[in-house]
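Asker: need a structure here:
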Amino acid sequence: MSKLDDASLLEQLDTAFDTLCATRVSDWVDPDRVLAAVDLALTPERVTGWHARLGVPLRTRLLARGAGSHIKLGAWLPAEVAASLTTLLGKPVHLPRKAIDEMVASEQVRETVRTTLQETLSSLVSKVIAGAPGVGGGGGLRDALSWGARAAASAGKGILGGLGGSLQDRVREVIDGSMALVQRRIAERLASEDTARALGARRQKIFLTTLEKTEAEAAQALGQVPHEQIDGLLPQVIAHNLARPEVREGLKAELHAVVEELSRHTVGELLDQAGLRDATRQWLHAHGLPFARTLAQAVRSKKG
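Answerer: So this is what the prediction gives:
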């Protein structure tokens with residue numbers, strides 16, 4: 001084709017582009033149709049195929065590139081951003097009171113507290129028995145514990161198990177009575193300002209330590225993730241959530257909200273806001289002209 005033909009095609013491309021720029025996103029995008037397209041595109045089989053074709057190779061290349069890098073992770077952040085994050089992450093971390101109460105009241109914590117109290121009392125009883133009459137020097141508390149010898153004779157069965165029934169019950173009462181007090185003190189400690197500051201300092205230290213690690217160390221850590229197992233779960237997770245009514249309603253509402261917001265401006269105004277109007281026109285000239293030539297030739301051939 002001659003340059004005149006090219007000029008004519010470029011003029012038509014510019015006219016089409018200017019016409020497009022005068023329209024709005026809502027003229028082109030129907031949120032309901034977008035959701036239907038998502039259903040078609042994100043079936044488990046298609047997600048598996050696209051991920052194997054694009055996602056897995058991308059991950060492999062990134063990990064391989066990082067494995068040979070001695071650049072520190074801190075290089076990803078400008079100095080002022082790193083400083084701001086360091087300050088932010090160093091602030092006290094106040095644990096939610098509800099979470100503290102639930103954790104302290106959990107069976108695992110109760111069992112740990114009970115075991116600690118039992119071991120503490122067992123140690124104390126052992127020392128008392130060791131000094132009971134007939135075993136060592138007497139006097140005071142030790143002389144008052146006439147049950148010492150009997151308990152010592154049963155020590156091989158365990159301190160608490162070897163005590164007389166009434167005393168064993170008394171020790172258990174002491175443990176049970178102390179549980180609530182100890183749990184309350186644990187909760188108060190976790191909710192204290194000292195703990196909040198300590199957690200903030202710890203979080204800040206982890207952040208600073210992470211910035212000093214190299215990309216190779218990060219790649220090595222990420223390489224330990226069971227990617228193959230996770231890859232097999234991804235399609236199932238996507239399909240499961242796309243089938244949930246509440247998720248679909250949420251997606252539909254968000255799509256409508258985004259289209260409504262973008263449609264407050266014309267396509268051309270959106271391109272101007274992004275600084276891309278001229279670049280898009282140049283792209284259209286570079287890639288649209290060859291297509292326009294082919295299209296024009298096809299039309300002529302069809303007519304001929």
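
Asker: same question for stretch 188-206, mean pLDDT?
Answerer: On average, the pLDDT along stretch 188-206 is 95.

Asker: which residues are contacting it?
Answerer: Contacts to stretch 188-206, defined as CB atoms under 8 Å, 6 or more residues apart in numbering, come from residues Thr86, Leu89, Gly90, Lys91, Pro92, Val93, His94, Leu95, Arg97, Ile100, Met103, Val104. (Each C-beta comes from the backbone N, C-alpha and C, glycine too.)

Asker: possible to save those residues as a markdown table with pLDDT, distance to His265 and secondary structure?
Answerer: Shown next, in a markdown table, are the contacts of stretch 188-206 (pLDDT from 0 to 100; distance: CB to CB, whole Å; DSSP: H, G, I helix; E, B strand; the rest coil):
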| residue | pLDDT | distance to His265 | secondary structure |
| --- | --- | --- | --- |
| Thr86 | 98 | 39 | helix |
| Leu89 | 97 | 38 | helix |
| Gly90 | 97 | 42 | coil |
| Lys91 | 97 | 39 | coil |
| Pro92 | 97 | 43 | coil |
| Val93 | 96 | 42 | coil |
| His94 | 95 | 42 | coil |
| Leu95 | 93 | 45 | coil |
| Arg97 | 92 | 46 | helix |
| Ile100 | 90 | 49 | helix |
| Met103 | 87 | 50 | helix |
| Val104 | 85 | 54 | helix |
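
Asker: where does the protein dip in pLDDT?
Answerer: Filtered on pLDDT under 70, the chain yields the residue ranges 1-4, 125-177, 304.

Asker: in it, which spans are strands?
Answerer: Under the criterion DSSP state E, the chain carries no strands.

Asker: Domains of it: list them as residue ranges, please.
Answerer: Per automatic domain parsing, the domain ranges recorded for the chain read 3-40+226-303, 97-212.

Asker: so can I have TSV of the ones you listed showing mean neighbour count and distance to Lys72?
Answerer: Below are the domains of the chain laid out as TSV (neighbours: other CB atoms under 10 Å; distance: least, CB to CB, whole Å):
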stretch	mean neighbour count	distance to Lys72
domain 3-40+226-303	13	25
domain 97-212	14	6
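
Asker: where do the helices sit along the stretch 201-304 of the chain?
Answerer: Assigned by DSSP state H, counting those that start in this stretch, the helices in the stretch 201-304 of the chain fall at 215-223, 227-242, 245-262, 267-274, 277-283, 289-303.
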